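[1] Sequence first, then the predicted structure:
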Amino acid sequence: MIIMIITALEVDDDKAFMINLYREYYGLVRKTVYNITHNADNVEDLVNDTFIKLIEKLSLIRALESCRLAAYVVYTSRSVAINHIKHKSIQKKHAYYGGDADPTEKMPDLERTIEDRIIRQEEVIEMDNAILRLPEKQKALLYFKYILEMHDREIAEILKIDPNSVRQYLTRARREAKKLMDKEVNQHAE
Amino acid sequence: MPNNSSEQLRQKLYDEYEDSLFKLIMHDVAEKEGRLFLEEKEKLKHDPEFLPSQAAVQKFSQQLDAQLKKSQAYAGRRRIWQALNRAAVAMLVVMVIFFTTVATVEAVRVRVLNFLMDIQKEYTSFQLKDSSNGSEGGSAIIDWSQAYAPTYIPEGFEVRTISDGKLIKTIEFQNPQGSIITYTELSEGTKPTVDTENASVFEAVSINGHEGALVVKNSLVTVIWAMEDRMLMIRGEIEKDMVIKMAEGVKYLD
């Protein structure tokens, strides 16, 4: 009986939290979804899907402070919208991210020594800005992996790539970020 | 080959390092980008197009209820399953301890059974709880509308005597051959005894899910079981299956 009462209280609390989150982020989620799907007919459903998906991570998002929570909500809505496009048309999806060629064709030179690729502590802060300037697809990939903590299989499904290639895509995104960072540092040096 | 495996290990460790590092970097990136999202969120609050309608909130609320109910049911099932698992393990441990001990030491057998009943050398007494010290009295009238009574009586038996005491209610049945079955209802505080010395059968039984004991000695069959706040007993020189059937037929009459 006590367990039932506690469970009922938890459910009420969760519901209040989710309704509040919905009211707060409805506009931002709606805009994010629409920018990807360009379809007003199902935007409402996808907004709801986003918040329903967030329930799965309720304990995590409850602990996030406002900025990270905003990023978490936005990238969750992106994953929902992109996933929706996948079901509609693969072409449309490529239209959003651009017709990306197989990254394995242009993989960074993995033969480089690990020491060459190590990011030094002082470079970490610079790296933030570089990631923000990455193409949307690469940035989303890093978010899905490191913030939304999706499995490679889920990422592969959303981005319509081979699950075995996810790691290569990640390596490429990280290299791109490092390249952007080096470029910026060099510009400052000049 | 050793060089190869060493290189693979290095690569694996590097990948792990880079994953951790990027997790840290993305943590900061999310904060920076999140700040921009928050600003945009606040701006959109002033645009009616980006405010949820009452109908939209209501629809989401319904979806949310369904989803939370699902999660609650899942969590409930998990809790029950975990509790059952714990109970099963605890029960298994208790059973292993009991069976190991009881099977080996006769003296302990008596002590263990004492949890349910007080077994003496010549008899066994049964008790529920201590209660008020009201005196036993007799009355010729039975209030059949608020009492337990057997609804099954073996063929040929008829009611011979009835006594309705405050603590003990008894009905005696007799058949033309002179065999007697006694049905007794005992209130809390009473402590009946049954002769169990050298009994041919002395075993635990379940009467409609209630714990009880069956004793057979010299063709006298006794079944005694607890039901709510009272004990019920049926005894007679008839087949034990018949006694059990009669016990299972005892019902509370409104």
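    It's in.
[2] all contacts plus neighbour counts: C-alpha atoms, from now on.
    Fine.
[3] where are the low-confidence patches of the chain?
    Using chain A here. A:1-11, A:87-123, A:185, A:188-190 (pLDDT under 70).
[4] um, chain B though
    B:1-4, B:74-76, B:78-79, B:89, B:95-146, B:189, B:254.
[5] switch to 80 and redo it
    Filtered on pLDDT under 80, chain B yields the residue ranges B:1-5, B:7, B:70-147, B:164-167, B:187-198, B:228-229, B:253-254.
[6] for it, what spans make up the strands?
    B:118-119, B:123-125, B:147-150, B:158-164, B:168-174, B:180-187, B:193-195, B:201-207, B:210-217, B:220-227, B:230-236, B:250-253 (DSSP state E).
[7] Looking at the ones you listed, which is nearest to A:K183?
    strand B:210-217 (82.2 Å; C-alpha to C-alpha).
[8] Just the CA trace of the helix or strand harbouring A:F51, in PDB.
    Assigned by DSSP states H and E, A:F51 belongs to helix A:43-55. The C-alpha atoms that make up helix A:43-55 are tabulated as PDB, following Å, rounded to 0.1, in the frame of the first residue of the first chain:
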ATOM      1  CA  VAL A  43       4.600  19.200 -36.400                       C
ATOM      2  CA  GLU A  44       2.300  18.900 -33.400                       C
ATOM      3  CA  ASP A  45       2.600  15.100 -33.300                       C
ATOM      4  CA  LEU A  46       6.400  15.300 -33.500                       C
ATOM      5  CA  VAL A  47       6.500  17.900 -30.700                       C
ATOM      6  CA  ASN A  48       4.500  15.500 -28.500                       C
ATOM      7  CA  ASP A  49       6.800  12.600 -29.600                       C
ATOM      8  CA  THR A  50       9.800  14.600 -28.500                       C
ATOM      9  CA  PHE A  51       8.400  15.200 -25.000                       C
ATOM     10  CA  ILE A  52       7.200  11.600 -24.700                       C
ATOM     11  CA  LYS A  53      10.800  10.500 -25.700                       C
ATOM     12  CA  LEU A  54      12.100  12.800 -22.900                       C
ATOM     13  CA  ILE A  55      10.200  10.800 -20.300                       C
END
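[9] in that helix, what's buried?
    A:43-44, A:46-55 (16 or more other C-alpha atoms under 10 Å in any protein chain shown).
[10] Could you see whether chain B lies near the host helix or strand of A:F17?
    A:F17 belongs to helix A:2-37 when assigned by DSSP H and E. Yes. Contact between helix A:2-37 and chain B, assessed by C-alpha under 8 Å from any C-alpha of the partner chain, occurs at A:7, A:11, A:15, A:19, A:22-28, A:30-31.
[11] Need the buried ones from those selected in PyMOL.
    Command for PyMOL that selects the buried part of these, burial taken from 16+ other C-alpha under 10 Å:
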select buried, chain A and resi 7+11+15+19+22+24+25+26+27+28+30+31
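[12] Pipe the residues of helix A:2-37 next to chain B into a markdown table and attach distance to B:T193 per row.
    Converted to a markdown table, the residues of helix A:2-37 next to chain B look like this (distance: C-alpha to C-alpha, whole Å):
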| residue | distance to B:T193 |
| --- | --- |
| A:T7 | 48 |
| A:V11 | 54 |
| A:K15 | 59 |
| A:I19 | 65 |
| A:Y22 | 70 |
| A:R23 | 72 |
| A:E24 | 73 |
| A:Y25 | 74 |
| A:Y26 | 75 |
| A:G27 | 79 |
| A:L28 | 79 |
| A:R30 | 78 |
| A:K31 | 82 |
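[13] Could you single out the nearest of the residues of helix A:2-37 next to chain B to chain B?
    For the residues of helix A:2-37 next to chain B, the closest approach to chain B (C-alpha to the nearest C-alpha) belongs to A:G27, at 4.2 Å.
[14] Next, the contact list for that closest one, please.
    Applying C-alpha atoms under 8 Å, 6 or more residues apart in numbering or on different chains to A:G27 gives the contacts B:41, B:44-45, B:49-52.
[15] Name the nearest residue to it, sequence neighbours excluded.
    B:F50 (4.2 Å; C-alpha to C-alpha, 6 or more residues apart in numbering or on different chains).
[16] From the structure, what's the count of residues near the residue in the stretch 151-254 of chain B that chain A sits nearest to?
    With C-alpha to the nearest C-alpha as the measure, B:E228 is the residue of the stretch 151-254 of chain B nearest to chain A, at 21.3 Å. For B:E228, the neighbour count with other C-alpha atoms under 10 Å in any protein chain shown is 8.
[17] Just the buried residues of stretch A:148-167, please?
    A:148, A:152, A:154-156, A:158-159, A:163, A:166.
[18] Most widely separated two among the residues you listed?
    Pairwise distances across the buried residues of stretch A:148-167 (C-alpha to C-alpha) peak at 16.9 Å, for the pair A:L148 and A:P163.
[19] quick revisit: for the residue of the stretch 151-254 of chain B closest to chain A, what are phi and psi?
    phi 50, psi -110 (degrees, to the nearest 10).
[20] what does whatever helix or strand comes next after the helix holding A:F51 contact?
    Remark: after helix A:43-55, the chain's next helix or strand is helix A:58-63, criterion DSSP H and E. Here helix A:58-63 makes contact (C-alpha under 8 Å, 6+ apart) with A:14, A:54, A:69, A:72.
[21] Neighbours of the first one, how many?
    Other residues near A:D14 number 18, with proximity taken as other C-alpha under 10 Å.
[22] ok, it to B:A204 distance?
    49 Å (C-alpha to C-alpha, to the nearest Å).
[23] Counting by contacts, list what the helix or strand where A:A173 lies packs against.
    Assigned by DSSP H and E, A:A173 falls within helix A:166-189. Helix A:166-189 is packed against helix A:121-132, helix A:136-146, helix A:152-159, with contacts defined by 3 or more C-alpha pairs under 8 Å, 6 or more residues apart in numbering or on different chains; DSSP states H and E.
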